[in-house]
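Asker: Got a predicted structure plus its sequence, pasted below:
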Amino acid sequence: MTLEPILNEQPSDVCAAPAFHWKLWIYTNYDCNLRCSYCVAKSSPNAPRRAIGLQNVKRLIDEALDLSFDHIFFTGGEPFLLNDIYDMLAYSSAHVKTTVLTNAMILRGQRLEKLKAIANDNLIVQVSLDGGRSEDHDAYRGKGAWDKTVEGIQLLQDAGFRVRIGTTETPSNCAHLDELYRFRESLGIPNEDHFVRPLAKRGYSKEGMELGMNNLVPELTVNIDGVFWHPLSTDGDMQIAKKLFPLKHSVDKVQGIMDEMARTGNVPLVTFT
């Protein structure tokens, strides 16, 4: 198990960190088959899709490669609601390590077959799993979610995919994480492919940690509305650019913000040009 490196205990630690991890996060869409009560993106079955589109994704990947990014992450919403997600993943994973985040509940039948058709060593599937038993997972995700997610994990494994697990630590599961670790081991998923992150007070969540640019190590994140500091949130206070392109503009802007934080200890006012 790895504690996902999304934050630092002190703002000064952020200043001492590298400019950001060489990852690019892409919010493909915001609609989802679930309505998780802690969703930082405010995704749900009736959320506007706000799809980023295949052509934008291809250009983002091309520019990210030119900037030496070494890992692309696709998130949502539920990415597998999109018909063009397979083209996005195929294009990305042909060039660079690629991870797609999913609840795995709808990866059945034709969707799974389309994913299998583009399988390669660069393509990783990260599944959200919050418990080794249904009550811990379903508390925030809805009754019956755990059973379908576990079945989805096993279908992905049977198809030969490398599956990672992403867990949000919540009041419902925090006393039972050891049980989750044992369950994950029973699935044959190693420690290094299990990431645990704290509950954040963002989006739909009314509880959790207060997280922002002052205590999150930046990981460049994009959606159809622009570029953001970190995949935890695409709220306005985390936005660093309103234009997707050129991506280098946002990379330079993040570096400038980091330099200013190192000098002053404070997050500077972000302006848009």
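Answerer: Perfect, I can see it now. Being a predicted model, the structure only gives us computed values, none of them experimental.

Asker: how about the helices in this protein?
Answerer: All helices of the chain, identified by DSSP state H, fall at 11-16, 54-66, 85-93, 109-117, 134-141, 145-158, 177-186, 247-264.

Asker: out of those helices, nearest to residue 77?
Answerer: helix 85-93 (10.3 Å; Cβ to Cβ). Heads up, the C-betas are built off the backbone N, CA and C, glycines and all.

Asker: which helices and strands sit right next to that closest one?
Answerer: With contacts taken as 3 or more Cβ pairs under 8 Å, 6 or more residues apart in numbering; DSSP states H and E, helix 85-93 sits against helix 54-66, strand 71-75, strand 97-102, helix 109-117.

Asker: Flag the shaky bits of this protein, pLDDT-wise.
Answerer: Low-confidence segments of the chain (pLDDT under 70): 1-21.

Asker: centroid residue for it?
Answerer: residue 75 (5.0 Å; Cα atoms, centre = their mean).

Asker: distance of that residue from residue 267?
Answerer: The gap separating residue 75 from residue 267 is 24 Å, by Cβ to Cβ, to the nearest Å.

Asker: Let me have the helices and strands packed on helix 85-93 in CSV, adding distance to residue 249 as columns.
Answerer: Output for the helices and strands packed on helix 85-93, formatted as CSV (distance: least, Cβ to Cβ, whole Å):
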stretch, distance to residue 249
helix 54-66, 10
strand 71-75, 19
strand 97-102, 24
helix 109-117, 33
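
Asker: Identify whichever of the ones you listed lies nearest to residue 172.
Answerer: Among those, strand 97-102 sits nearest to residue 172 (Cβ to Cβ), with 20.7 Å.

Asker: contact partners of that closest one?
Answerer: Under the criterion Cβ atoms under 8 Å, 6 or more residues apart in numbering, residues 70-76, 78-80, 85, 89, 92, 122-128, 152, 164, 166 lie in contact with strand 97-102.

Asker: could you flag which of the residues you listed are buried?
Answerer: 71-76, 78-80, 85, 89, 92, 122-128, 152, 164, 166 (16 or more other Cβ atoms under 10 Å).

Asker: returning to that earlier point: would you mind giving the helices of the chain as JSON lines with distance to residue 202 added?
Answerer: Below are the helices of the chain laid out as JSON lines (distance: least, Cβ to Cβ, whole Å):
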{"stretch": "helix 11-16", "distance to residue 202": "18"}
{"stretch": "helix 54-66", "distance to residue 202": "24"}
{"stretch": "helix 85-93", "distance to residue 202": "24"}
{"stretch": "helix 109-117", "distance to residue 202": "29"}
{"stretch": "helix 134-141", "distance to residue 202": "14"}
{"stretch": "helix 145-158", "distance to residue 202": "21"}
{"stretch": "helix 177-186", "distance to residue 202": "22"}
{"stretch": "helix 247-264", "distance to residue 202": "20"}
